[in-house]
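# what's the 3D shape of this:
(chains A, B, C and D)
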Number of protein chains: 2
Amino acid sequence: MLTRNVLRNRTEDLTEEERSVLESAVERTQTFAAGQTVVHQQRAVDTSTVLVQGLMTRHVHTDDGRRHLVAVQVPGDFVDLHAYVLKQLDHDLGALTDVRVALVPHAALDAIQARHPQLAKRLWFLTLLDAAMHRQWVMRLASLSALQRVAHFLCEMNAKLLAIGESDGERFALPMTQTDIGEVCGLTNVHVSRVLRQLREMGLCSWRAAQVVVHDPVRLAATGLFTPDYLYLNRATALRVAGHTGEAHGR
Amino acid sequence: MLTRNVLRNRTEDLTEEERSVLESAVERTQTFAAGQTVVHQQRAVDTSTVLVQGLMTRHVHTDDGRRHLVAVQVPGDFVDLHAYVLKQLDHDLGALTDVRVALVPHAALDAIQARHPQLAKRLWFLTLLDAAMHRQWVMRLASLSALQRVAHFLCEMNAKLLAIGESDGERFALPMTQTDIGEVCGLTNVHVSRVLRQLREMGLCSWRAAQVVVHDPVRLAATGLFTPDYLYLNRATALRVAGHTGEAHGR
DNA sequence: CGTGAATTTGAGAGCCATCAATCTAAGTGG
DNA sequence: CCACTTAGATTGATGGCTCTCAAATTCACG
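So this is what the prediction gives:
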């Protein structure tokens, strides 16, 4: 099922009927190779994209040619749903790995908007999750040190992948280069390398062959000042994340 | 009319009927004094807030007590509309000046969602504008220098205030302290002071008594790598902003 | 005119960028 | 199977941007 991971383990799940409506809104699927740009900024679009498999980036370019990521998308993310409403993107969509996506024509979304207000509200929710993550990224860049930023990002990816069953809470695949991490955290690849070494030497986590192993989830979260509230996970999943971040008894 | 500035001068305006539906969704108005916290993070909410007059902040707290802004709201902004969908806020809402707000119960929004799908989509649009601005803030923090960040922020406020008729493109009120600016740009108040002096000495803009005067809009925008696309202004307003940023002939 | 908040200025330190070289790993072709 | 290539990771040295701490000054306001 292509939309299996959409809203999976968030505060409120889709009903079976809603999920089947969404599933039938998919027109077709498509694959892209790692490194390809899937949608270009400013291109008028009439279709939105659900990420089915692989990782994607949303990134902007500065005038001097540098790139910066504003989001890393995982399977189940409706990566450019906001383009349905905004009519154009203010950033690029890229494939971080080989990816498989499901394409949903905006006409089908119009029908949902007109006939399934509750589902439409769930889609709205999806785009607001994005916004909540953006806010956390703003906080991360504005108030955290390099070490904290990287720790925070790793915790975030761990939690998001946990929600879709692609992390067990202590080990997950993260096929990004250190330059990519730098573009997430506003750091150079050189400094990312130093920070990762420091995290390793602190016994918090290690990173080899695109595999992250979190040795001390609690201290890693504490280092990155990470709390998963902004991901709006359901209770059970939040507790699983919290169990790995030392907040099992809080809230 | 309380909702006069909502979506004013954005790409697609509200129809008269839509605006009157929205207007009648307002339950009552309320005022807050400068410095007050209007809504606390994590508080469950059943009402959303349209800013009618004054400026508000959306800010998060870090564990060590520091504060950081994730948005500055101007009249016409539906400042916590996302709480209608998310059910709780992941940040605080504060009054930067004395403010007047209109309160819209979520029950009224439910009715709009169910019976006015087009208006619901326009509300969705509003929350996506927020997200687009968040992305720009991420870019600003990650890739710009202190000087560029402040210049970018000033251009953004100028454009937003222009859209609601509170700036003429070269002069506008900005009742924030330099500490506030620092919390927007991820800088200390000390460094903000130095940057403002530099902008003044470069002849780009000056800042006295909470009044910003932009002496050279084109170079200020160039300095901050500012382009107003992400504000999704309508053509006429975009041209007015562009006329002040040297892009009148582009696009 | 006094008081506190906000701004300005200075000196020193630290974090991270930059530049550059080395090293590793994975692929490619002979 | 090995030289060659290339992308990515690592390490070192240096410098600059911004923070921190501290004091002086200006401003807003009662």
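# show me where chain A has strands.
A:28-32, A:37-39, A:47-53, A:56-61, A:67-73, A:92-95, A:99-105, A:171-173, A:205-208, A:211-214 (DSSP state E).
# I'd like the ones you listed written out as JSON lines, with mean pLDDT and distance to residue B:185 added.
Any C-beta I mention is one placed from the backbone N, CA and C, and that applies to glycine too. Compiled in JSON lines, the strands of chain A are given as follows (pLDDT from 0 to 100; distance: least, CB to CB, whole Å):
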{"stretch": "strand A:28-32", "mean pLDDT": "94", "distance to residue B:185": "36"}
{"stretch": "strand A:37-39", "mean pLDDT": "86", "distance to residue B:185": "30"}
{"stretch": "strand A:47-53", "mean pLDDT": "95", "distance to residue B:185": "32"}
{"stretch": "strand A:56-61", "mean pLDDT": "94", "distance to residue B:185": "18"}
{"stretch": "strand A:67-73", "mean pLDDT": "95", "distance to residue B:185": "16"}
{"stretch": "strand A:92-95", "mean pLDDT": "93", "distance to residue B:185": "25"}
{"stretch": "strand A:99-105", "mean pLDDT": "95", "distance to residue B:185": "35"}
{"stretch": "strand A:171-173", "mean pLDDT": "94", "distance to residue B:185": "34"}
{"stretch": "strand A:205-208", "mean pLDDT": "90", "distance to residue B:185": "31"}
{"stretch": "strand A:211-214", "mean pLDDT": "94", "distance to residue B:185": "31"}
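# Out of those strands, the one nearest residue A:189 is which?
strand A:67-73 (12.1 Å; CB to CB).
# Which among the strands of chain A is found nearest to residue B:132?
Nearest of the strands of chain A to residue B:132, taken as CB to CB: strand A:67-73 at 10.0 Å.
# Run the contact check for that closest one versus chain B.
Yes. Strand A:67-73 is in contact with chain B by CB under 8 Å from any CB of the partner chain, via A:68, A:70.
# likewise stretch A:51-64?
Yes. Stretch A:51-64 is in contact with chain B by CB under 8 Å from any CB, via A:58, A:60, A:62, A:63.
# out of those residues, which is most surrounded?
In terms of neighbours by other CB atoms under 10 Å in any protein chain shown, the residues of stretch A:51-64 next to chain B top out with residue A:58 at 24 neighbours.
# Can you tell me the closest non-neighbouring residue to that residue?
residue A:71 (4.1 Å; CB to CB, 6 or more residues apart in numbering or on different chains).
# dump the residue contacts of the one you found.
By CB atoms under 8 Å, 6 or more residues apart in numbering or on different chains, the contact list for residue A:71 reads A:57, A:58, A:130, A:133, A:134, A:137.
# tell me the contacts of the spatially closest residue to the fifth one that is not a sequence neighbour?
Yep, that's residue A:134 we're talking about. Sequence neighbours aside, residue B:134 is the residue nearest to residue A:134 in space, at 3.5 Å (criterion: CB to CB, 6+ apart). If you count contacts by CB under 8 Å, 6+ apart, residue B:134 has them with A:131, A:134, A:135, A:137, A:138, B:70, B:71.
# Kindly report the same for residue A:66.
With CB under 8 Å, 6+ apart, residue A:66 has these contacts: residue B:143.
# So for it, what's the pLDDT?
Residue A:66 is assigned a pLDDT of 83 by the prediction.
# same question, residue A:244
Looking at residue A:244, its pLDDT is 64.
# how far does stretch A:163-170 sit from the chain's center?
Computed by CA atoms, centre = their mean, to the nearest Å, the chain-centroid distance of stretch A:163-170 equals 13 Å.
# Just the C-alphas of that stretch, formatted as PDB.
Extracted as PDB, the C-alpha positions of stretch A:163-170 are listed here (Å, rounded to 0.1, in the frame of the first residue of the first chain):
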ATOM      1  CA  ALA A 163       7.600   6.100  13.700                       C
ATOM      2  CA  ILE A 164       7.600   4.300  10.300                       C
ATOM      3  CA  GLY A 165       9.400   1.200  11.600                       C
ATOM      4  CA  GLU A 166      12.700   2.000  10.000                       C
ATOM      5  CA  SER A 167      14.600   2.500  13.200                       C
ATOM      6  CA  ASP A 168      14.500   0.300  16.300                       C
ATOM      7  CA  GLY A 169      15.400   3.400  18.400                       C
ATOM      8  CA  GLU A 170      19.100   2.700  18.500                       C
END
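# Give me the phi and psi for residue A:12.
Residue A:12 adopts backbone torsions of phi -130, psi 120, taken as degrees, to the nearest 10.
# how near is it to residue A:126?
Remark: distance between residue A:12 and residue A:126 (CB to CB, to the nearest Å) = 11 Å.
# repeat for residue A:187
29 Å.
# So if I had to pick from those two, which one is more boxed in?
Higher neighbour count among residue A:187 and residue A:126: residue A:187, with 21 against 18, using other CB under 10 Å.
# Need the pLDDT of that one.
For residue A:187, pLDDT reads 97.
# what's the most distant pair in the contacts of residue B:134?
The largest separation in these, counting by CB to CB, is between A:137 and B:71 at 13.3 Å.
# tell me the contacts of the closest residue to residue A:142 other than its chain neighbours?
Nearest non-adjacent residue to residue A:142, counting by CB to CB, 6+ apart: residue B:186, 3.5 Å away. Listed by CB under 8 Å, 6+ apart, the contact set of residue B:186 reads A:141, A:142, A:143, B:68, B:141, B:149.
# Over to residue A:192?
With contact set as CB under 8 Å, 6+ apart, residue A:192 has these partners: A:146, A:150, A:178, A:179, A:181, A:182, A:185.
# Repeat that for residue A:214.
Residue A:214 neighbours (CB under 8 Å, 6+ apart): A:154, A:158, A:169, A:170, A:171, A:204, A:205, A:220, A:244.
# which ones among those residues are found in helices?
The members of these that map onto helices under DSSP state H are A:154, A:158, A:220.
# How many neighbouring residues does the second one have?
Pointing back at residue A:158 there. Neighbour count of residue A:158, defined by other CB under 10 Å: 29.
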